[in-house]
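Student: Pasting the sequence and the predicted coordinates here, then a few questions.
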Amino acid sequence: MDTVTAQLVFGIIVTVIGIGLIYWINRRKFYRRSPMGAEGFSSFEASVFTRFIERIGKWIAYALIIVGVICIWTYNQMKKDKEKQQVEIPNSK
């Protein structure tokens, strides 16, 4: 696997992990709600700690998605440059 393909694979994997992390956090939050719509925690400390960890997790997920999109964009740029070089080489002879 060359560097260009590895860049694409890494970008896709990181983006999927970021989206999956956001989905998982939101799903946990949804199932924590009671029929009245209030979130249920065993204590105040559990509430603060859980919300803090979920907030950090979402920021990490957003960063992963941004890194993944940048990797995919970089892959497209590298592929265009590689194709451009292959086209220029036969014409210069």
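Tutor: That came through fine.

Student: show me where this structure has helices.
Tutor: Counting by DSSP state H, the segments of the chain that form helices are 3-31, 44-92.

Student: The longest one to helix 3-31, inter-axis angle?
Tutor: Looking back up the chat, that one is helix 44-92. Angle of helix 44-92 versus helix 3-31, following axes from the mean of the first three to the mean of the last three C-alpha atoms, to 10 degrees, is 160 degrees.

Student: tell me the mean pLDDT over helix 44-92?
Tutor: Per-region confidence: helix 44-92 scores 90 on mean pLDDT.

Student: Make residue 1 into 22 and carry on from there
Tutor: Okay, using 22 as the starting number, the last item reads as helix 65-113.

Student: on that earlier part again, need the helices of the chain in JSON lines with mean neighbour count, can you?
Tutor: Glycine gets a C-beta too; all of them are placed from N, C-alpha and C. Compiled in JSON lines, the helices of the chain are given as follows (neighbours: other C-beta atoms under 10 Å):
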{"stretch": "helix 24-52", "mean neighbour count": "14"}
{"stretch": "helix 65-113", "mean neighbour count": "13"}
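
Student: would you turn the ones you listed into JSON lines with distance to Gly58?
Tutor: Supplementary listing: these in JSON lines, determined by distance: least, C-beta to C-beta, whole Å:
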{"stretch": "helix 24-52", "distance to Gly58": "11"}
{"stretch": "helix 65-113", "distance to Gly58": "15"}
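
Student: Ser64 and Thr71: what is the separation?
Tutor: Computed with C-beta to C-beta, to the nearest Å, the distance linking Ser64 and Thr71 is 10 Å.

Student: what's the answer for Arg48, then?
Tutor: Counting by C-beta to C-beta, the separation of Arg48 from Thr71 is 14 Å.

Student: before we move on, what about Phe65?
Tutor: Note on Phe65: its distance to Thr71, by C-beta to C-beta, is 11 Å.

Student: what's the answer for Ile87, then?
Tutor: Taken as C-beta to C-beta, the spacing of Ile87 relative to Thr71 amounts to 25 Å.

Student: Check Phe31 too.
Tutor: Phe31 sits 31 Å away from Thr71, going by C-beta to C-beta.

Student: got it, and Gly61?
Tutor: 11 Å.

Student: Equivalent analysis for Lys100, please.
Tutor: According to C-beta to C-beta, Lys100 and Thr71 sit 43 Å apart.
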